[in-house]
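1. Okay, here's the prediction I keep looking at, along with the sequence it came from:
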Amino acid sequence: MAGAPLWLAKPSRFAGLKRTRARWLAALIAALLLGALTSLATAGPPPVTGDATARADDRADELLYESIVAALRNGGEYYTAAAAALRAGGYPMKPFVTFRLPTLAVVQSWLDPVVSALLLYAMALLALYAWWVRLGEALRRTPPRLIATVLAAGGMASAVQAELVAFHEVWAGVLIALSLAARRPGRWVTAVALGLAAMLIRETAALYVGVMAALALLEGQRREATGWVAATAVLAVVVALHAQAVAGVVRPLDQPSPGWAGMLGFGFAIKAMVLTTALALAPAAIGALLAALALVGWAAWRDPLATRVVATLAAYIVLLSLFGRTDTFYWALLIAPLVPIGLAFAPDAFRDLFRAALDRRRITVTRVAR
């Protein structure tokens, strides 16, 4: 019989499992943890060094985006400025997706750099507050709720680093976190709007929107599913116009992309999640195991929101595993704000799973002779 929850307001998904199923699930989780440790042998980005020239190389992408914004502030046109910056930095310029959508650069060119940074910090604080409210439904006691919110802050560590303000994935990741926190059954308009904003900053956020559309459709929420599909249609129009604009500034001899079929595997996805969150402060093996435990925790929370988070995390893990390269680990910034929160659900998950797996109860049938 399942005991009272430790931290959660309701028993986890693992509570009350039959013994055989619980043992199979425990074996699967053990395999997940072992798989996470393969990140220790997986290639990653080069380490940051102390040399001034090397530090510039480490920040090459950030400096690229900052230079584009600076050109726009000085009256430049986005696609011309982006092409010049990419060409000067030796970046690939084909296909058109090597150019970021202009949304973030244009908006930042209208703002003072300090104001732009403060706007990102405000969004991160708003996301933390939104998750504080939503986590109150799962964690009724204040201490676990505070711990979960601190974990959420650890996922948003990149959003308070001034040098990453021009990084598109940082903004899109915070918007995805806000979108998920805002979505409730029957109340999805704000979530869709935030998802659309994330896509218009970084088009790879479309994977999140696709997951939300699919789950809404599976749950019979047709109006909500239509909203997510409509947001994707808006992105499709924007991307088509973007591709046309890029074609006007690319030259025949410009460098093509090496492709995105990295096939670096699950270990790389785990490493990317660790590197883009505060889990990077832990030793590599501990960080990898904590990332895997966070996934288990999310899977254990019995709530439609948790289902959406798990599906979103799974989708981006597949993306990173199959298509990520060592220099595109930052794709994980799109889900970084979500990852550590799952650790708050892990204590109940493992207590319930172990109880079910070790359950030795038997049904005894006694025959009464007459």
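-> Noted; the coordinates are in hand.
2. Contact partners for residue 209?
-> Counting by Cβ atoms under 8 Å, 6 or more residues apart in numbering, residue 209 makes contact with 195-196, 198-199, 228, 231-232, 235. To be clear about C-beta, it is placed using only N, CA and C from the backbone, and glycine gets the same treatment.
3. and it, how far is that from residue 202?
-> Computed as Cβ to Cβ, to the nearest Å, the residue 209 to residue 202 distance reads 12 Å.
4. who are the neighbours in contact with residue 41?
-> Shown here is residue 41, whose contacts under the criterion Cβ under 8 Å, 6+ apart are residue 267.
5. those helices in the stretch 1-150 of the chain, which residues are they?
-> 19-37, 52-58, 60-73, 78-88, 103-110, 113-135, 142-155 (DSSP state H, counting those that start in this stretch).
6. do you know which of those helices lies nearest residue 179?
-> helix 113-135 (9.5 Å; Cβ to Cβ).
7. buried set for that closest one?
-> For helix 113-135, the neighbour count (16 or more other Cβ atoms under 10 Å) marks 116-117, 120-121, 123-124, 127-128, 130-132, 134-135 as buried.
8. okay, the nearest residue to residue 248 once chain neighbours are set aside: pLDDT?
-> Computed as Cβ to Cβ, 6 or more residues apart in numbering, the closest residue to residue 248 that is not its neighbour in sequence is residue 79, at 6.8 Å. The per-residue pLDDT reported for residue 79 equals 97.
9. And for residue 79, the neighbour number?
-> Residue 79: 17 surrounding residues under other Cβ atoms under 10 Å.
10. Check the one 3 residues further on too.
-> Around residue 82 sit 27 other residues, with neighbours defined as other Cβ under 10 Å.
11. Could you do residue 178 as well?
-> A total of 26 residues lie near residue 178 under the criterion other Cβ under 10 Å.
12. Is it correct that it is in contact with residue 126?
-> Yes. If you go by Cβ atoms under 8 Å, residue 178 and residue 126 touch, sitting 6.6 Å apart.
13. Let me see the ranges of the strands in the protein.
-> In the chain, no strands are found when defined by DSSP state E.
14. measure residue 224 to residue 351 for me?
-> Computed with Cβ to Cβ, the distance linking residue 224 and residue 351 is 34 Å.
15. Kindly report the same for residue 203.
-> 41 Å.
16. hang on, the earlier thing: and residue 224 and residue 351? Which one has more around it.
-> Neighbour tally, residue 224 and residue 351, criterion other Cβ under 10 Å: the higher count belongs to residue 224, 23 against 20.
17. how far does stretch 192-209 sit from the chain's center?
-> Mean C-alpha position of stretch 192-209 versus that of the full chain (Cα atoms, centre = their mean, to the nearest Å) differs by 12 Å.
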